[in-house]
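# The following comprises the amino acid sequence and a computationally predicted model.
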Amino acid sequence: MHELESRTVKSVTSLRGEFVVPGDKSISHRAIMFASLAQGESRISGLLRGEDCLSTLKAFQNLGIEVVEKADDELIIHGCGLDGLQEPTDVVDCGNSGTTMRLMSGILAAQPFFSILTGDHYLRKRPMGRVINPLSAMGAKILGRDGHSKAPLAIDGGGLHPAEYHSPIASAQVKSALLLAGMQIEGTTTVYEPHLSRDHSERMLRFFGADLESFGGGAKVTGRVQLEGRDVEVPGDISSAAFFIVAGLIVPNSELLLKNVGVNPTRSGVIDILQQMGGSIELTNQRELSGEPVADLLVKSSDLQGVEIGGDLIPRAIDEFPVVSVAAAFAEGVTIIRNAKELRVKETDRIAAMCNCLGSLGAQIEPLDDGMRIVGGKLLSGGEVNSFGDHRIAMSLAIAALGAAGETRILDTTCTETSFPRFWELLPLISEGRVF
């Protein structure tokens, strides 16, 4: 459990600066996993050294993978191939990371040994049935608490068969877990989803040499094709960039250049939403790194307007809705977010948490069953708010505090280490116009 720590954030009158965004969390997880399952050596640069990604790294070290740390954001991983993982001698601790637990469930379900996955008290409350049920339909033997729906998960691996799965939700974690299981067994496994979820797994698995095809309604993998070690450059995390994009839009007289940001179209919904709201966000220096599109983002303060958000945009921006709700509180007019029930089963119930916290700062915001309704344009005032141990809630509240009158005290802020270790160092620097 994180130590309870608080931070006080003051309002500012301008933000200036340019900086490189920390490595993408989703891509960092996958780079470690796929390099471990590949044959030979992979060099990963730009890796996010947040707690979640370190949980993935430690998990694979517990499975016998040799890792050489070259620098703060660079690793060499000596992969073992599809059949080289070793049975762990202890429980595998996934920390706070749902990505680690769900994707590793797919990997370990196909391995011919026994393993147990657990995590911190937040992760042990999160739903795992969405991965366990389709894996079980492939023949996986996975036991868990609460009707086999919550961790710890006991996995008696092996004996899987390929399958076709029609997912009721657009979830990259569900899709990835099934593709990773299918990749290790004979035959073709196909996953269909109602909307396109982020496709980092598909891009990177192809980059490592997997026989994987994406199509309009999902993806399919033909198993038993060995992956080969690769050099991977991890782009900056758009979910981390989103906090400073919103900060640059809502604080007057601001101009920020966020460099090396991943702009994968399955993840860049937050840019589309904020541009629809009238936000000035210009993509420059567009290029590709290790199969992922990347750009520099020039952000200038803007007069935002309320919009309605739903449908296909939701899975493309699901992690960014806490900070999108902050932008909506500073926009003129009404913003309605729908089709986002997934927010209720993240690290915390993010709909309830943001309504509670922004409401206590003076925002006119109300929860909907599958989203929220925000009437913007009302001046927010500083106060005391709680992150509920959720890293994205804590950082979103810090951005709201930059535009609120006075000071805001945010409780339980150590949780930001899971995805953005330098966040609290960076925050005061951009208000001073520092370049780094």
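Thanks, I have the structure now.
# And stretch 20-31, what's buried?
Of the residues in stretch 20-31, 21, 22, 23, 24, 25, 26, 27, 28, 29, 30, 31 count as buried by neighbour count, 16 or more other C-beta atoms under 10 Å. C-beta: built from backbone N, CA, C; applies to glycine.
# Out of these, which comes closest to residue 292?
Closest approach between the buried residues of stretch 20-31 and residue 292, by C-beta to C-beta: residue 27, at 6.6 Å.
# Any figure for the gap between the spatially closest residue to residue 119 that is not a sequence neighbour and residue 372?
Counting by C-beta to C-beta, 6 or more residues apart in numbering, residue 119 lies nearest to residue 94, which is 4.2 Å off, once chain neighbours are set aside. Distance from residue 94 to residue 372, counting by C-beta to C-beta, to the nearest Å: 29 Å.
# Between these two, tell me which one has more neighbours.
Neighbours were tallied for residue 94 and for residue 372 using other C-beta atoms under 10 Å; the higher tally belongs to residue 94 (28 against 25).
# and that one, how far is that from residue 38?
21 Å.
# Run through the helices of the stretch 101-250 of the chain in chain order.
129-137, 145-148, 172-183, 200-207, 238-250 (DSSP state H, counting those that start in this stretch).
# Let me have those helices in a markdown table, adding mean pLDDT and distance to residue 385 as columns.
What follows is the helices of the stretch 101-250 of the chain, written out as a markdown table (pLDDT from 0 to 100; distance: least, C-beta to C-beta, whole Å):
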| stretch | mean pLDDT | distance to residue 385 |
| --- | --- | --- |
| helix 129-137 | 96 | 30 |
| helix 145-148 | 95 | 30 |
| helix 172-183 | 97 | 28 |
| helix 200-207 | 96 | 32 |
| helix 238-250 | 97 | 16 |
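# how about those, which one is nearest residue 61?
helix 172-183 (18.4 Å).
# For stretch 102-114, could you pull out the residues that count as buried?
Quick answer for stretch 102-114 (16+ other C-beta under 10 Å): 102, 103, 104, 105, 106, 107, 108, 109, 110, 111.
# so how far is residue 271 from the third one?
By that I understand residue 104. Separation of residue 104 from residue 271 (C-beta to C-beta): 30 Å.
# One more: the second one?
When C-beta to C-beta is the yardstick, residue 103 and residue 271 sit 26 Å from each other.
# Same question for the fourth one.
When distance is defined by C-beta to C-beta, residue 105 is 31 Å away from residue 271.
# next one: the last one
Residue 111 sits 38 Å away from residue 271, going by C-beta to C-beta.
# what's the closest non-adjacent residue to residue 234?
residue 46 is the one closest to residue 234 (C-beta to C-beta, 6+ apart), at 3.7 Å.
# From what I see, that neighbour and residue 23 are in contact.
Yes: if you go by C-beta atoms under 8 Å, residue 46 and residue 23 touch, sitting 4.5 Å apart.
# any shared contact partners between those two?
73, 234, 235, 236 (C-beta atoms under 8 Å, 6 or more residues apart in numbering).
# pull the CA atoms of stretch 127-147 into CSV?
Output of stretch 127-147 as CSV, limited to C-alpha atoms (Å, rounded to 0.1, in the frame of the first residue of the first chain):
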residue,chain,number,x,y,z
PRO,A,127,-12.3,-7.4,-12.2
MET,A,128,-10.2,-10.2,-13.8
GLY,A,129,-13.2,-12.3,-15.0
ARG,A,130,-13.1,-10.4,-18.4
VAL,A,131,-9.8,-12.1,-19.1
ILE,A,132,-10.2,-15.4,-17.1
ASN,A,133,-13.5,-16.3,-18.8
PRO,A,134,-12.3,-16.1,-22.4
LEU,A,135,-9.0,-17.8,-21.5
SER,A,136,-11.0,-20.6,-19.8
ALA,A,137,-12.9,-21.0,-23.1
MET,A,138,-9.5,-21.7,-24.7
GLY,A,139,-9.0,-24.4,-22.1
ALA,A,140,-7.1,-22.4,-19.4
LYS,A,141,-7.3,-23.5,-15.8
ILE,A,142,-7.4,-20.4,-13.7
LEU,A,143,-8.8,-20.1,-10.1
GLY,A,144,-9.4,-16.8,-8.3
ARG,A,145,-11.3,-15.2,-5.5
ASP,A,146,-15.0,-14.1,-5.7
GLY,A,147,-16.1,-16.8,-8.2
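# Could I get the buried residue list for that stretch?
Buried positions in stretch 127-147, judged by neighbour count with 16+ other C-beta under 10 Å: 128, 130, 131, 132, 134, 135, 138, 139, 140, 142, 144.
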